[in-house]
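1. Make a model of this:
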Amino acid sequence: MRILICAAEQEELDCAIQALRIYESKIVGKAQIDFMLTGIGTTSTCYRLAKKLVEAETAGEKYSLAVNIGIAGSYDLEKFPVGSIALIEKEYFGDLGFMTASGFLTLFDSNTLDSNLFPFKDGALEMLPLTDYFNDIASTYKRATGVTVQTISGGEETCNRLIKKYSPHIETMEGAAFFYVCLNEYVKFIQLRSVSNKVGEENTAKWETPKALESLKEAMKEFFRLFVDNQHKGLVQV
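-> All right, here's what the predicted structure looks like:
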């Protein structure tokens with residue numbers, strides 16, 4: 001079994017690297033865990049992730065699972081407070097379209113793109129069904145809808161537009177790109193995000209990044225703990 005764990009920035013990826021060290025001796029020889037930086041944003045994520053997945057498959061070592069981790073903003077602090085972990089089950093590209101005199105139109109709103117053209121479903125990107133083991137991991141986290149933007153949202157007008165259009169819980173700069181590549185390459189995937197701030201908070205000094213990173217590290221410890229436990233039970237499947 002081969003698993004890829006990716007993140008936009010090194011401090012996010014380090015959460016998984018540090019968590020693996022605790023269980024590494026029990027995983028070596030039973031699974032290969034790879035790490036990679038995607039860089040920030042959809043362009044870098046699409047290029048680097050697609051290249052990595054295609055190279056693995058060409059070498060006859062296709063990934064059983066890709067995992068995207070990182071910190072994120074929350075639209076709903078009651079459901080996803082700072083330090084909580086969200087498993088993103090549905091993603092939207094939030095700013096891909098046309099800015100018109102009457103407002104923003106997505107590619108689907110403008111009929112430029114069929115909203116059900118693969119890999120989209122009604123304009124959204126959705127998780128693939130997981131194997132029993134990976135679904136066991138996924139079930140430990142609260143599910144969320146994500147919206148991906150290339151300019152971190154600030155200001156009430158922008159936030160309200162995104163809320164009205166997508167009803168998101170979580171905002172990131174890479175999530176939809178990660179979904180898009182994995183769906184096109186038929187690689188099962190999980191995206192875990194740790195909340196560092198409320199969406200719309202423009203002062204990054206007020207973001208609780210250390211708390212979010214610590215929660216992310218704990219989530220990855222749980223990920224590897226479940227992996228080891230299920231190996232012992234004989235439940236781990238490719």
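2. Relative to Ala124, how far out is the residue nearest to Ala7 when sequence neighbours are not counted?
-> Of all residues not flanking Ala7 in the chain, Leu13 sits nearest, at 4.1 Å (C-beta to C-beta, 6 or more residues apart in numbering). Every C-beta, even on glycine, is put in place using the N, C-alpha and C of the backbone. Separation of Leu13 from Ala124 (C-beta to C-beta, to the nearest Å): 27 Å.
3. about what we covered before: could you list the buried residues of the helix or strand harbouring the residue nearest to Ala7?
-> Assigned by DSSP states H and E, Leu13 belongs to helix 10-27. Buried residues in helix 10-27, counted by 16 or more other C-beta atoms under 10 Å: 12-13, 15-17, 19-20, 23, 26-27.
4. Let me know the next secondary structure element after it.
-> Using DSSP H and E, the first helix or strand after helix 10-27 is strand 32-37.
5. Using CSV, list the CA coordinates for that following strand.
-> Only the C-alpha atoms of strand 32-37 are listed here, as CSV (Å, rounded to 0.1, in the frame of the first residue of the first chain):
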residue,chain,number,x,y,z
GLN,A,32,4.9,3.4,2.0
ILE,A,33,4.1,6.9,3.2
ASP,A,34,5.3,9.7,0.9
PHE,A,35,5.2,13.4,1.6
MET,A,36,5.1,16.3,-0.9
LEU,A,37,4.5,20.1,-0.9
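6. which other helices and strands contact it?
-> Packed against strand 32-37 by the contact rule (3 or more C-beta pairs under 8 Å, 6 or more residues apart in numbering; DSSP states H and E) you find strand 2-7, helix 10-27, helix 42-58.
7. which SS state does Ala177 fall under?
-> Three-state assignment for Ala177 (DSSP: H, G, I helix; E, B strand; the rest coil): helix.
8. I'd like to know how far Met99 sits from Lys198.
-> For Met99, the distance to Lys198 equals 25 Å [C-beta to C-beta].
9. Settle it for me: which of those two has more neighbours?
-> Taking neighbours as other C-beta atoms under 10 Å, Met99 and Lys198 compare with Lys198 leading, 18 against 9.
10. So in the chain, where's the weakest helix or strand by average pLDDT?
-> In the chain, the helix or strand scored least confidently by mean pLDDT, DSSP states H and E is helix 132-138, which has a mean of 78.
11. Just send the helices and strands packed on strand 32-37 back as CSV, with distance to Tyr141 and mean pLDDT too.
-> Formatted as CSV, the helices and strands packed on strand 32-37 follow (distance: least, C-beta to C-beta, whole Å; pLDDT from 0 to 100):
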stretch, distance to Tyr141, mean pLDDT
strand 2-7, 15, 97
helix 10-27, 15, 95
helix 42-58, 21, 98
